[in-house]
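J.: Please work out how this folds:
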Amino acid sequence: MLTVDPTYRLAEGLPTERTMHACATAMKEWPSAVAGLWVMVSTNDAVVIGDCLIFGGVEVDGQFAIAYEVAESRWNQGFGKERLFLWLSG
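T.: Sure, this is the predicted structure:
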């Protein structure tokens with residue numbers, strides 16, 4: 001179960017079944033390869049608008065993968081691109 005600080009509200013449609021399946025699969029298949037699970041929070045209204053999972057490393061051919069999902073109600077606003085840019089530039 002995904003829990004979020006009660007200070008934040010979840011965007012409509014979150015968490016999705018895809019998110020829960022991706023997290024469960026990653027934890028089952030590569031438990032030591034999960035590097036982090038984060039939620040994306042809009043700074044405009046303190047609403048959780050998506051989630052991000054990073055996994056990989058030695059257990060997955062030495063490569064890392066980023067899986068993310070943005071609530072459909074927040075699509076086409078640049079949030080996914082912004083999140084990926086922050087990871088790659090950080």
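J.: Which helix or which strand is home to the residue nearest the centre of the chain?
T.: By Cα atoms, centre = their mean, the chain has its centre lying nearest to C52, at 1.5 Å. When elements are assigned from DSSP states H and E, C52 belongs to strand 47-57.
J.: Just the CA coordinates for the helix or strand just after that strand, please, in PDB.
T.: Going down the chain from strand 47-57, the next helix or strand is strand 63-70, by DSSP H and E. The C-alpha trace of strand 63-70 is given here as PDB (Å, rounded to 0.1, in the frame of the first residue of the first chain):
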ATOM      1  CA  GLN A  63      22.100  -1.000 -16.100                       C
ATOM      2  CA  PHE A  64      19.500   1.200 -14.400                       C
ATOM      3  CA  ALA A  65      15.900   1.900 -15.400                       C
ATOM      4  CA  ILE A  66      13.600   4.600 -14.500                       C
ATOM      5  CA  ALA A  67       9.900   3.900 -14.400                       C
ATOM      6  CA  TYR A  68       7.500   6.800 -13.800                       C
ATOM      7  CA  GLU A  69       3.900   7.600 -14.000                       C
ATOM      8  CA  VAL A  70       2.100  10.900 -13.900                       C
END
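J.: about what we covered before: how close does the closest residue to the residue nearest to the centre of the chain other than its chain neighbours sit to E82?
T.: Sequence neighbours aside, Y68 is the residue nearest to C52 in space, at 4.3 Å (criterion: Cβ to Cβ, 6 or more residues apart in numbering). Any C-beta I mention is one placed from the backbone N, CA and C, and that applies to glycine too. According to Cβ to Cβ, to the nearest Å, Y68 and E82 sit 11 Å apart.
J.: Looking at the two, which one has more neighbours?
T.: Between Y68 and E82, counted using other Cβ atoms under 10 Å, the more crowded position is Y68 (18 against 10).
J.: I'd like to know how far the more buried one sits from P6.
T.: Taken as Cβ to Cβ, the span from Y68 to P6 is 23 Å.
J.: Against which helices or strands is the top helix by length along the chain packed?
T.: Ordering each helix of the chain by length in residues (DSSP state H) puts helix 17-29 first. Applying 3 or more Cβ pairs under 8 Å, 6 or more residues apart in numbering; DSSP states H and E, we find helix 17-29 packed against strand 34-41, strand 47-57, strand 63-70.
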